[in-house]
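[1] Predicted model follows, preceded by the sequence.
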4 protein chains.
Amino acid sequence: APLIRLSDLDDAAHAVLDPRAWAYFSGGAADELTLADNRRAWDALRLWPRALRDLRGLSTATTLAGRPLAHPLLLAPVAWHRMAHADGEVGTALAAAAQGAGMILSCQASQPVEAVARALAEPGAGPLWFQLYPLARREDTLALVRRAEDAGCEALVLTVDAPVHGVRDRERRAGFALPPGVGPVHLDGFAPPPPGLEGLLALAPRWDEVAWLAAQTRLPLWLKGVLHPEDAVLAADSGAVAGLIVSNHGGRTLDTAVPTAWALPRMAAALQGRLPLVVDGGIRRGTDVLKALALGASAVAIGRPQVMALAAGGALGVAQMLRLLRDEFTVALALAGCRSPADVHAGLLAEGPGGLPTSTPPAGR
Amino acid sequence: APLIRLSDLDDAAHAVLDPRAWAYFSGGAADELTLADNRRAWDALRLWPRALRDLRGLSTATTLAGRPLAHPLLLAPVAWHRMAHADGEVGTALAAAAQGAGMILSCQASQPVEAVARALAEPGAGPLWFQLYPLARREDTLALVRRAEDAGCEALVLTVDAPVHGVRDRERRAGFALPPGVGPVHLDGFAPPPPGLEGLLALAPRWDEVAWLAAQTRLPLWLKGVLHPEDAVLAADSGAVAGLIVSNHGGRTLDTAVPTAWALPRMAAALQGRLPLVVDGGIRRGTDVLKALALGASAVAIGRPQVMALAAGGALGVAQMLRLLRDEFTVALALAGCRSPADVHAGLLAEGPGGLPTSTPPAGR
Amino acid sequence: APLIRLSDLDDAAHAVLDPRAWAYFSGGAADELTLADNRRAWDALRLWPRALRDLRGLSTATTLAGRPLAHPLLLAPVAWHRMAHADGEVGTALAAAAQGAGMILSCQASQPVEAVARALAEPGAGPLWFQLYPLARREDTLALVRRAEDAGCEALVLTVDAPVHGVRDRERRAGFALPPGVGPVHLDGFAPPPPGLEGLLALAPRWDEVAWLAAQTRLPLWLKGVLHPEDAVLAADSGAVAGLIVSNHGGRTLDTAVPTAWALPRMAAALQGRLPLVVDGGIRRGTDVLKALALGASAVAIGRPQVMALAAGGALGVAQMLRLLRDEFTVALALAGCRSPADVHAGLLAEGPGGLPTSTPPAGR
Amino acid sequence: APLIRLSDLDDAAHAVLDPRAWAYFSGGAADELTLADNRRAWDALRLWPRALRDLRGLSTATTLAGRPLAHPLLLAPVAWHRMAHADGEVGTALAAAAQGAGMILSCQASQPVEAVARALAEPGAGPLWFQLYPLARREDTLALVRRAEDAGCEALVLTVDAPVHGVRDRERRAGFALPPGVGPVHLDGFAPPPPGLEGLLALAPRWDEVAWLAAQTRLPLWLKGVLHPEDAVLAADSGAVAGLIVSNHGGRTLDTAVPTAWALPRMAAALQGRLPLVVDGGIRRGTDVLKALALGASAVAIGRPQVMALAAGGALGVAQMLRLLRDEFTVALALAGCRSPADVHAGLLAEGPGGLPTSTPPAGR
Ligand SMILES: Cc1cc2nc3c(=O)[nH]c(=O)nc-3n(C[C@H](O)[C@H](O)[C@H](O)COP(=O)(O)O)c2cc1C
Ligand SMILES: Cc1cc2nc3c(=O)[nH]c(=O)nc-3n(C[C@H](O)[C@H](O)[C@H](O)COP(=O)(O)O)c2cc1C
Ligand SMILES: Cc1cc2nc3c(=O)[nH]c(=O)nc-3n(C[C@H](O)[C@H](O)[C@H](O)COP(=O)(O)O)c2cc1C
Ligand SMILES: Cc1cc2nc3c(=O)[nH]c(=O)nc-3n(C[C@H](O)[C@H](O)[C@H](O)COP(=O)(O)O)c2cc1C
């Protein structure tokens, strides 16, 4: 059966996954209010279609920080693809290559970055980026950075929204643990974090870490998990950051955190174009992609649908998912009267009830 | 059993229609959020009844662009009536004639405009209009226009909100295809659109097409599917357009497009009376008709209920549907203290929560 | 079993009533949105409790247009009590007398005003008022007025919100008709309305009728069914009206009319105390009564619960219902820090989300 | 099975409690709208996570009116713990001591304050406070105050929001009555309230009572159940009050009273720091605690979860509950970028839709 819509992948994955793996991939923090909000916030935005525009030569092609892309769809970093399907991250990468999508590999990948890089090494393929969390010892972090550089990654992504594990009720209820044979292929042999919460908090990344990390690599450094406009300004002021991924970790860390569709325009307003923005969280429809661009993003990243598609159909499933989303985005562009992503602008969003929220974020302390 | 309310027709049609036909007639784009919004937006408007007004001689009679009508109800263009019932478009037209309703015939009709025109040729009948999409060759378009003119159509309607097919999940899930024996009787022998999306987009109507088309015919030219106030102004400025049908294609093209009840007052405010407005999308109650007039429409058009009524009861079913809606509208007029459609005004709508949304559309680019 | 809350009476009545009688008593117009809104609007108002006030001597006693009442609860006019229970309107009146409640008798009562008046003739009983609709001949109206005067009624109530019958889907679906033995004991022998909608509309009351009626009687004349602030001002300006009952006929006439809790403060603001206000529609809790007073009403009227209580338990059931509501109101007064209805004021209502709507009604035409 | 979230305790308690005890512990007033609102109001607040803050040495320690606390969690006064579990209030106190939580003992406790005080006498334990309602005779009140002082209580709490019993539908439906063997161990031998509502209202506390009570004791006097900002100012002006517990009695007194999360910032704004605030009502998540602090509270109090935990697991259950909530609060602090409760500030809350309500309370009379 053809894939009708991305959310159908949830049922398909649910049917084949071990309940614990399902709990891990699908769940969010606590009452999953932010998880639900992420979706609802895109849905709640209303669009003004435009009529009678010249659509000849319509194309989804765009650029991200100067890098040409066939379309603005990236795969967000998601851990343990082999827990979803034997194809693992390499399968996902093959699909991304076939569909021209960029891929951000998690440092908690279950297959090595070198193999993933090879799978993506196709003409016209999107970029491979490498995501990392701070490690207990700087030398371990450096080793990881070098490995990513050597594999040909085009950027590093430091995730900053998870200094501690979120309150993951669903995982705890399901008794989640990594299955045998799935493990962190990039972290083997590294020093474990110091024990307990104290230890974890000592590792929590800080602005000086960001500066240090940026100084160690020739790759552009992105931060993932920034939501507050003030933190966006701090990132721009730091001079160390190449771009930001507006994310609440798919609702897996702080429950009742603002949805990303709500934070994005406030980030964009605070930054005034000083840094490029990618957004993730609940992107499931071509219209969501259109709205993200209208709110100031240069591209979007897709989390859960990639592992749901992988679980349900392996590499082919991921390719179908990307293809469908891109097709929907093409239709959305045409109906909004835009010939390319660059044509998308805030005027496509309706204001007021059900439209673009208008209040500004409060000043922090 | 007598018909109690228009929405009961859905169940009745569902019971008799082939599931694929049902999916086609009832469905909308993607998650059908705009489909649901269209209804909700009328429901959400609150009315101020007026008391103790003089109601003697109350009548639903009105005019549309100067043309007298027994009431402000039109039938929106809906394709393939013979897929609903053997009576087809001719049956619908007989019902319209009996009830004094105007009818806009789709160019995707399954019965010829000449037969439909004959069915409507009754004293006191409403007007017949002909709806078209741009064709691959101008000479084909011209041939179609001549045929509509010759059949006695009183206006042409160019639909501008569907340059590409919407993301129709429900149809795809149902595996919709036209059944044998139902087909486009007006498009036979014309050049097919160039293949693929590119081809479709090359056909997408543009403002210069509108000017060209208006110049080819002595009939007034309406545009259907305009939602953005700025496009309304462009239409008025073009000098080629006789009126606008405020429509999102019944939620079948761009999902999460603004509901028509929300766009209508903004269109009216932008136009300041320069063009007459008809609105469609979710009109199911006499109070919806009253609200549409209060928001600036001269008349309303009814989409799905006509094919649901046709499926459930043939021509007679359509007549009952029109009769019921007109009766409800009469009651609504009386309870709102209005003696005629001309008496209806914005002051009947309550402002604020649950009332008339007040924010203005953003400036486009 | 003791009565726990007024809304439980619905189930109790549903269990004993003929389905057609149930449809008649419980139903509203069309989709019953106003019916539901009436309740929701009271529920949505939020209260500020006050602490540490002096509550010694707390009492529910109040006055209505100078007439002392044991509490601000009246029974709204509801037709055909004998269809609910053999005790009929006389049973309802006995309960009202026992509980000190006023009663507004419908001209569509199934028992004569004289018998009802006798049942209410108790020391400390609330007032009996007589409600009427305009009749086809003025002499018939006058005869009815004299009869009400002679029976000792203290006021006349002209219902102005039902010039035509509402769109009563539920009644039509149930096939409602008056059962044998229940009929209009006050209208026998009067001229029937002229046939059809035309006839009905010719009878629709107008402002000059109001003036004429007021001139024929020594009783104060109230209007029932006024919602628009402008009509309130017209009533005050007329000089013929003693007070207004803010009502949408319990959601039985114009569906999507504003809920009464929303209209009431706007009426009060427009009137600036020139006329006393009674409100009905969805009053089911002691806190609803408190809110009604806080929004500007001098008293409230109760519609459906009286017939539901009558159906479920005869006269005794009505008495229990009134007793419970009065007890709840006493508790609400105490918790709001008020020693009497006169202490209730707008400051008890919270503003903003879920609070008192603040927008003003639009100017009419 | 480990406890996953506080709300799971409801099911666990429901399974073991007598239905009447369940109705008593779980229920609220009337339609339980305020009960539901209390939860919804915390849920509706949206948080801005902060990134890359220095979290080393993070701690939940704080102070309340100068008294150091291991964390800002208190147990609210809840009557009749022995009806939940044989461990009773002493069991609850042992759990509080083990987890460093303060405890406010109800004067309707089923075990004596002296035994409770002994259970809490641990190094590092939180404070024991004693809650009272006004009694019929001042000498009885004084005797109770002395007993609390002698037992070592650190503060007195006068509950002011329940001069009369709320409209408790759920209790009445269940036929609630105290089971044999459970009773008011602190009120034995005292004069009963004068009979009837009159008697109860004569006992209702007033501002002069507050002054009198404060003058009789060396303990700080808190008022519990203040919601209106004006009453907060009166309390500060009185000079007799040490602090306020912002509470609507868990939705058990005036239904449709404002939720506490809505009243709290208005109270804080009116007080400008003149009195410390504790808030209760619907606190179930670590993020709720964070939000309460952000809105101006120094600490929070937990009502129902303590008796639900007690019913389900005795003293150990209460300890698990407190432990889990504290752990969640720790995670919330870290993800909000706060190193301690003192770091929490209003800037963590998002404004606008789903955020902090901004309108001010109306002036009272
Ligand atoms: C199962 C799962 C694992 C994830 N693992 C990581 C990770 O290792 N590193 C990271 O930065 N984000 C991780 N994320 C967050 C995603 O990168 C992304 O922010 C989020 O999934 C986007 O929301 P969506 O799933 O609604 O599209 C993970 C998300 C999920 C669902
Ligand atoms: C089954 C179906 C077929 C339609 N076919 C056409 C069409 O051929 N041309 C057109 O302009 N609009 C078409 N429309 C849109 C309708 O004209 C109209 O805009 C819409 O149905 C109004 O919404 P409603 O169905 O809620 O009343 C179609 C709608 C439906 C439901
Ligand atoms: C069954 C029924 C019969 C009614 N009959 C009359 C009537 O004869 N005259 C009238 O003025 N209002 C009539 N009303 C309206 C009531 O007086 C009142 O406005 C309404 O019931 C108040 O709303 P509530 O039922 O929610 O309390 C009737 C209402 C009901 C439910
Ligand atoms: C079963 C029960 C008994 C209560 N007994 C008292 C009491 O004796 N004195 C008092 O001041 N508050 C009492 N309260 C109110 C609580 O102190 C507190 O305000 C409320 O429970 C907080 O809301 P929560 O239950 O949602 O946490 C009681 C609450 C409950 C649920």
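    It's in. Ligands and ions are numbered 1, 2, ... in the order given.
[2] Lowest mean pLDDT among the helices and strands of chain A, which one is it?
    When the helices and strands of chain A are compared on mean pLDDT, DSSP states H and E, helix A:196-203 comes out lowest with a mean of 88.
[3] what's next to the very next helix or strand once past that helix, contact-wise?
    Counting by DSSP states H and E, the next helix or strand C-terminal to helix A:196-203 is helix A:207-216. Defining contact as CB atoms under 8 Å, 6 or more residues apart in numbering or on different chains, one finds that helix A:207-216 is touched by A:134, A:138, A:141-142, A:145, A:156, A:158, A:221, A:223, A:234-235, A:238, A:240-241, D:52. For every residue, glycine as well, the C-beta is placed using N, CA and C.
[4] thinking again about what came up before, what packs against the least confident helix or strand of chain A?
    Under the contact criterion of 3 or more CB pairs under 8 Å, 6 or more residues apart in numbering or on different chains; DSSP states H and E, the helices and strands touching helix A:196-203 comprise an empty set.
[5] by how many degrees do it and helix A:207-216 diverge?
    Helix A:196-203 runs at 50 degrees relative to helix A:207-216, counting by axes from the mean of the first three to the mean of the last three CA atoms, to 10 degrees.
[6] which parts of helix A:196-203 are buried?
    A:197, A:200-203 (16 or more other CB atoms under 10 Å in any protein chain shown).
[7] Centre of the chain to that helix, how far?
    Centroid displacement of helix A:196-203 relative to its chain, using CA atoms, centre = their mean, to the nearest Å, is 25 Å.
[8] One more: stretch A:5-13?
    18 Å.
[9] Quick check: mean pLDDT of that stretch?
    Averaged over stretch A:5-13, pLDDT sits at 98.
[10] what comes up buried for it?
    Residues of stretch A:5-13 classed as buried by neighbour count (16+ other CB under 10 Å): A:5-6, A:8-10, A:12-13.
[11] Is it positioned near ligand 1?
    No - judged by CB under 6 Å from any ligand atom, stretch A:5-13 stays clear of ligand 1, getting no closer than 9.6 Å.
[12] go on, stretch A:178-195?
    No - legend: contact between stretch A:178-195 and ligand 1 by CB under 6 Å from any ligand atom is lacking; minimum distance shown is 9.7 Å.
[13] how many neighbours does the nearest residue in space to A:Trp48 that is not next to it in sequence have?
    Once flanking residues are discounted, A:Trp48 sits nearest to B:His228: 4.6 Å by CB to CB, 6 or more residues apart in numbering or on different chains. Using other CB atoms under 10 Å in any protein chain shown, the number of residues around B:His228 comes to 27.
[14] now A:Arg323
    Counted by other CB under 10 Å, the residues lying close to A:Arg323 total 16.
[15] Within the helices and strands, which one has it?
    Here A:Arg323 is assigned to helix A:304-335, by DSSP H and E.
[16] List the buried residues of that helix.
    Applying 16+ other CB under 10 Å to helix A:304-335 flags A:304-326, A:328-335 as buried.
[17] so what's the closest residue to A:Thr159 other than its chain neighbours bridging to?
    Of all residues not flanking A:Thr159 in the chain, A:Lys224 sits nearest, at 4.6 Å (CB to CB, 6+ apart). Counting by DSSP bridges, A:Lys224 forms beta bridges with A:Thr159, A:Ile245.
[18] Show me the residue sitting in the middle of chain A in space.
    A:Ala76 (3.2 Å; CA atoms, centre = their mean).
[19] That one is in contact with A:Ile104, isn't it?
    Yes - between A:Ala76 and A:Ile104 there is a contact at 5.9 Å, judged by CB atoms under 8 Å.
[20] Can you work out which residues contact both of the two?
    What both A:Ala76 and A:Ile104 touch, as defined by CB under 8 Å, 6+ apart, is the set A:Ala301.
[21] what about the strands in the stretch 101-250 of chain A?
    Remark: strands assigned in the stretch 101-250 of chain A by DSSP state E, counting those that start in this stretch are A:102-105, A:128-132, A:155-159, A:221-226, A:243-246.
[22] Mind giving me the packing neighbours of the first one?
    Strand A:102-105 makes packing contacts with strand A:73-75, helix A:88-99, helix A:113-120, strand A:128-132 when contacts are defined by 3+ CB pairs under 8 Å, 6+ apart.
[23] again, but for the last one
    Identification of packing neighbours for strand A:243-246 by 3+ CB pairs under 8 Å, 6+ apart yields strand A:221-226, helix A:260-271, strand A:277-280.
[24] Can I get the last one in CSV, CA atoms only?
    Which is strand A:277-280. Written as CSV, here are the backbone C-alpha positions of strand A:277-280 (Å, rounded to 0.1, in the frame of the first residue of the first chain):
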residue,chain,number,x,y,z
LEU,A,277,17.7,28.8,11.7
VAL,A,278,16.6,25.2,11.3
VAL,A,279,13.5,24.0,13.2
ASP,A,280,12.3,20.6,14.3
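[25] For A:Arg39, give its distance to A:Trp48.
    22 Å (CB to CB, to the nearest Å).
[26] Chain B versus the spatially most distant residue from the centre of chain A, what's the distance?
    Here the centre of chain A is the reference, and by CA atoms, centre = their mean the most remote residue is A:Leu52, at 34.4 Å. Remark: distance between A:Leu52 and chain B (CB to the nearest CB, to the nearest Å) = 5 Å.
[27] what does chain A have sitting close to ligand 1?
    Within chain A, the positions near ligand 1 by CB under 6 Å from any ligand atom are A:24-25, A:38, A:76-79, A:106, A:108, A:131, A:159, A:224, A:247, A:249-250, A:252, A:280-283, A:302-304.
[28] got a list of what A:Ser247 touches?
    A:76, A:161, A:224-227, A:260, A:279-281, A:301.
[29] Relative to C:Pro193, which of the buried residues of stretch A:5-13 is nearest.
    Closest to C:Pro193 out of these is A:Arg5 (56.4 Å), distances taken as CB to CB.
[30] Can you get me a residue count around the closest residue to that closest one other than its chain neighbours?
    Nearest non-adjacent residue to A:Arg5, counting by CB to CB, 6+ apart: B:Asp169, 5.4 Å away. The local packing of B:Asp169 (other CB under 10 Å) involves 20 other residues.
[31] repeat for A:Pro112
    Other residues lying near A:Pro112 total 16 when counted by other CB under 10 Å.
[32] what ranges of chain A fall below the confidence cut-off?
    A:352-365 (pLDDT under 70).
[33] got a list of what the residue in it positioned nearest to ligand 1 touches?
    Ligand 1 sits closest to A:Gly303 of chain A, with a gap of 2.1 Å, by CB to the nearest ligand atom. The contact partners of A:Gly303, taken as CB under 8 Å, 6+ apart, are A:76, A:78, A:250, A:280-281.
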